[in-house]
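Trainee: Turn this into a model:
(chains A and B)
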Amino acid sequence: MAARFTIGFLPLVDACLPILAREHGFAEAEGVSLDLVRDVSWATVLDRLLYGQTHAAHMVAPLAIATALGRGRPAVPLAVPFVLGLNGNAVTLRPDLAALVAPETGLGDPRKVGTALRAVAAQRKAEGRPLRFGVVHRYSSHSYMLRYWLAECGIHPDRDVEVATVPPPFCADALEAGEVDGICVGEPWNSVAVERGVGRIVLATAQIWRRGVEKVLAFREPLIEERGAEVDALLRALVAAARHFVDPANWAANAAILARTEYLDGSPAIIQRAISDRLLVAKGTETVHFPDFMFQYREAANFPWVSQALWLYTQMIRWEGREIHPDEAERAARVFRPDVYRRALKGLDEPLPGASSKVEGSLAGLTPVGTQQGRMVLESNMFFDGRAFDPADLAGYLEGLPRP
Amino acid sequence: MRIAIVDESATRAAVIREGLAAFEDCEIFVLTERKGLVARIGEVAPDIVLIDLGNPSRDVLEEYFAVSRVLDRPIAMFVDQSDEEAIAASIDAGVSSYVVDGLAPHRIRPILDLAVRRFNAFARLQADLSEAKGKLAERETIDKAKRILMDSRRLSEPQAYAELRKTAMDQGRRIAEIAEAVVTAHRLMGGA
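Mentor: Predicted coordinates:
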């Protein structure tokens, strides 16, 4: 009897791992049967998870933490034993704005684009029509990455510009209609805006934080233990899918699968660009290769580092204008479950980090790290401003950041 | 009490509105447009918002509610949490609700229950309708296949039907499937 899991997702390229685990039989090989439920809002993905219509969900990482902490609704403990991917998002501006702040070809430099944007933002604010940015959800890595970048460049994301929620499928429309001047969204939606000539990609979020946590697989916490062996089997299937996903030999086939009506219902060519870390930043230009634009497998990318959860918590606190609360920080940390990841992958040919937390943004080059299984060398994980996040000192980190 | 129904399906919204009209003290507003939704909600200042789970504006609306907590009449994400069962039932039916803070649960429950019943009824109606549509389309395909056989093999109508039926039985398939194959083959061979 196969272990059945129903998983909710939004039509985004980084919903790839559950989809491919199902389509390529990785789930089946682990004795897992997967049903996937596609939705059009994170609110509905979350409702289905909380009220038992799904067992797990593809989710923007901060939303899992916000839910566990009871932001916006009563708290429900969630568990994240698996990260579905790092980065994979971009900042796309209206072409007229991009022309003022970004180079004509290729991606911009975060510091330079930010500095130029600051002048435009000040002018627009003075004219009484401040720049407006769309992000996919108020509790999204997109929101926190965009805000991190703006703030460091001297643009207050709430006072100098506006940041509002725009559902990914409407990002291109919103740019075209002038409802927003820029968006921070995952693929394929930046590329859709570029293809329609209503946007130009100026930055990949990987330029803001080289190894930024993005989507996670979230469960209601009790299920992690109640169905422990089955959850482990599911995680093993997802790792197999991740290994398959990053192999160039499989890019075209995987893009075709993801493009299907029942999944992303999009263009295989555009999806393949994202998978292969290539971006067409402006209509009529050459594609740009940006290594690790999406990051789904290497360096134990799927390992839920507790420090990632805590970084997101600091950003939540930062933009809420609240103070760090030790109990709350502990609850946020507990959402990420490296113990379950280890339990599931023990004995497999996959590296298992020895630690559960690390200083984020401290590695500029190749660094071998201690493991309890396999070998692992981490590459740069820098933030663009060079700051490092030490999860042992949340308050100190927050104090050092530009804040409201 | 002011109730906003947010649904891009005008038909379903009408079905819900009609149901809610039974409550005497309720004023009902139907919002089917995605554009300007948040501004419209602000004008309506509802006590209860009912929105279908498939609505792409939910995240935008929740952001507005989160911000609206600083307004005079903050809207909570959910109905009284003690009523888990009612919420689960509404999620199953495909409707989510947001309620102004402090509204008494006994005033919310009947409205939610009714919305759930109406959503379920609408879903059944849709299922019946698509089944009926499917049957009608099958009927048309079978008629086309019969005509092809009658023309190309000079069969009478009963003979053509008997031929389709026999083939279906021999292959263990439905008549409609065989008819579909005949029509497709005919088109490929250059027939109209």
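Trainee: Extract the C-alpha set from stretch B:166-183 and format it as PDB.
Mentor: Presented in PDB, the C-alpha positions along stretch B:166-183 are these (Å, rounded to 0.1, in the frame of the first residue of the first chain):
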ATOM      1  CA  LYS B 166     -20.800  -3.900 -32.700                       C
ATOM      2  CA  THR B 167     -17.300  -2.500 -33.000                       C
ATOM      3  CA  ALA B 168     -17.600  -0.900 -29.600                       C
ATOM      4  CA  MET B 169     -18.700  -4.200 -28.000                       C
ATOM      5  CA  ASP B 170     -15.900  -6.200 -29.800                       C
ATOM      6  CA  GLN B 171     -13.300  -3.700 -28.600                       C
ATOM      7  CA  GLY B 172     -14.800  -3.300 -25.100                       C
ATOM      8  CA  ARG B 173     -15.100   0.500 -25.600                       C
ATOM      9  CA  ARG B 174     -17.900   3.000 -25.600                       C
ATOM     10  CA  ILE B 175     -19.900   3.800 -28.700                       C
ATOM     11  CA  ALA B 176     -18.900   7.500 -28.300                       C
ATOM     12  CA  GLU B 177     -15.200   6.600 -28.400                       C
ATOM     13  CA  ILE B 178     -15.600   4.500 -31.600                       C
ATOM     14  CA  ALA B 179     -17.600   7.400 -33.100                       C
ATOM     15  CA  GLU B 180     -14.900   9.800 -32.200                       C
ATOM     16  CA  ALA B 181     -12.300   7.600 -33.900                       C
ATOM     17  CA  VAL B 182     -14.500   7.400 -37.100                       C
ATOM     18  CA  VAL B 183     -14.900  11.200 -37.200                       C
END
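Trainee: Check what contacts that stretch and list those residues.
Mentor: With contact meaning C-beta atoms under 8 Å, 6 or more residues apart in numbering or on different chains, stretch B:166-183 is reached by B:138, B:141-142, B:144-146, B:148-149, B:164-165. To be clear about C-beta, it is placed using only N, CA and C from the backbone, and glycine gets the same treatment.
Trainee: List only buried entries from the residues you listed.
Mentor: Burial by neighbour count, judged by 16 or more other C-beta atoms under 10 Å in any protein chain shown, picks out B:138, B:141-142, B:144-146, B:148-149, B:164 from the contacts of stretch B:166-183.
Trainee: B:E24: which of these is nearest?
Mentor: Nearest to B:E24 among the buried ones among the contacts of stretch B:166-183 is B:E138, at 46.5 Å by C-beta to C-beta.
Trainee: Let me see the contact set for that closest one.
Mentor: B:176, B:179.
Trainee: go on, A:N87?
Mentor: A:N87 neighbours (C-beta under 8 Å, 6+ apart): A:204-206, A:209, A:211-212, A:214, A:292-295.
Trainee: quick one on the thing from earlier: same list (the buried ones among the contacts of stretch B:166-183) but as JSON lines, adding pLDDT, secondary structure and distance to A:A301.
Mentor: JSON lines is the format used below for the buried ones among the contacts of stretch B:166-183 (pLDDT from 0 to 100; DSSP: H, G, I helix; E, B strand; the rest coil; distance: C-beta to C-beta, whole Å):
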{"residue": "B:E138", "pLDDT": "90", "secondary structure": "helix", "distance to A:A301": "50"}
{"residue": "B:T141", "pLDDT": "93", "secondary structure": "helix", "distance to A:A301": "50"}
{"residue": "B:I142", "pLDDT": "93", "secondary structure": "helix", "distance to A:A301": "55"}
{"residue": "B:K144", "pLDDT": "94", "secondary structure": "helix", "distance to A:A301": "54"}
{"residue": "B:A145", "pLDDT": "95", "secondary structure": "helix", "distance to A:A301": "54"}
{"residue": "B:K146", "pLDDT": "95", "secondary structure": "helix", "distance to A:A301": "59"}
{"residue": "B:I148", "pLDDT": "95", "secondary structure": "helix", "distance to A:A301": "57"}
{"residue": "B:L149", "pLDDT": "94", "secondary structure": "helix", "distance to A:A301": "60"}
{"residue": "B:L164", "pLDDT": "94", "secondary structure": "helix", "distance to A:A301": "56"}
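Trainee: Around chain B, which positions in chain A sit nearby?
Mentor: A:39-44, A:47-48, A:51-53, A:72-74, A:136-138, A:164-167, A:169-170 (C-beta under 8 Å from any C-beta of the partner chain).
Trainee: go with 6 Å
Mentor: Proximity of chain A to chain B, by C-beta under 6 Å from any C-beta of the partner chain, involves residues A:40-44, A:47, A:51, A:72-74, A:137-138, A:165, A:167.
Trainee: Make CSV from these and add secondary structure and pLDDT to it.
Mentor: Shown next, in CSV, are those (DSSP: H, G, I helix; E, B strand; the rest coil; pLDDT from 0 to 100):
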residue, secondary structure, pLDDT
A:V40, coil, 94
A:S41, coil, 95
A:W42, helix, 96
A:A43, helix, 94
A:T44, helix, 95
A:D47, helix, 94
A:Y51, coil, 92
A:G72, coil, 80
A:R73, coil, 83
A:P74, coil, 86
A:H137, coil, 96
A:R138, coil, 94
A:T165, strand, 96
A:P167, coil, 92
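Trainee: give me phi/psi at A:T205?
Mentor: Backbone torsions of A:T205, given as degrees, to the nearest 10, read phi -60, psi -20.
Trainee: The strand or helix carrying A:G134: what's the following helix or strand?
Mentor: A:G134 belongs to strand A:132-135 when assigned by DSSP states H and E. Sequence order places helix A:141-152 as the next helix or strand after strand A:132-135, per DSSP H and E.
Trainee: Can you give the domain ranges for the chain?
Mentor: Looking at chain A here, since you left the chain open. A:3-84+A:213-266+A:297-343, A:89-207 (automatic domain parsing).
Trainee: Chain B is the one I meant
Mentor: Taken from automatic domain parsing, chain B resolves into B:2-127, B:132-188.
Trainee: Of those domains, which stretch is the most buried?
Mentor: Highest mean neighbour count of the domains of chain B: domain B:2-127, a mean of 17 (counted as mean count of other C-beta atoms under 10 Å in any protein chain shown).
Trainee: can you tell me the distance between the two ends of it?
Mentor: 31 Å (C-alpha to C-alpha, to the nearest Å).
Trainee: For the stretch 301-404 of chain A, give the residue positioned nearest to chain B.
Mentor: At 10.4 Å from chain B, A:E320 is the closest residue in the stretch 301-404 of chain A, using C-beta to the nearest C-beta.
Trainee: Quick check, A:M376 in contact with A:L352.
Mentor: No: using C-beta atoms under 6 Å, A:M376 makes no contact with A:L352, being 8.5 Å away.
Trainee: ok so, going back, any chance of the contacts of A:N87 in JSON lines, plus pLDDT?
Mentor: Below are these laid out as JSON lines (pLDDT from 0 to 100):
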{"residue": "A:A204", "pLDDT": "97"}
{"residue": "A:T205", "pLDDT": "97"}
{"residue": "A:A206", "pLDDT": "97"}
{"residue": "A:W209", "pLDDT": "97"}
{"residue": "A:R211", "pLDDT": "95"}
{"residue": "A:G212", "pLDDT": "96"}
{"residue": "A:E214", "pLDDT": "97"}
{"residue": "A:D292", "pLDDT": "94"}
{"residue": "A:F293", "pLDDT": "95"}
{"residue": "A:M294", "pLDDT": "95"}
{"residue": "A:F295", "pLDDT": "95"}
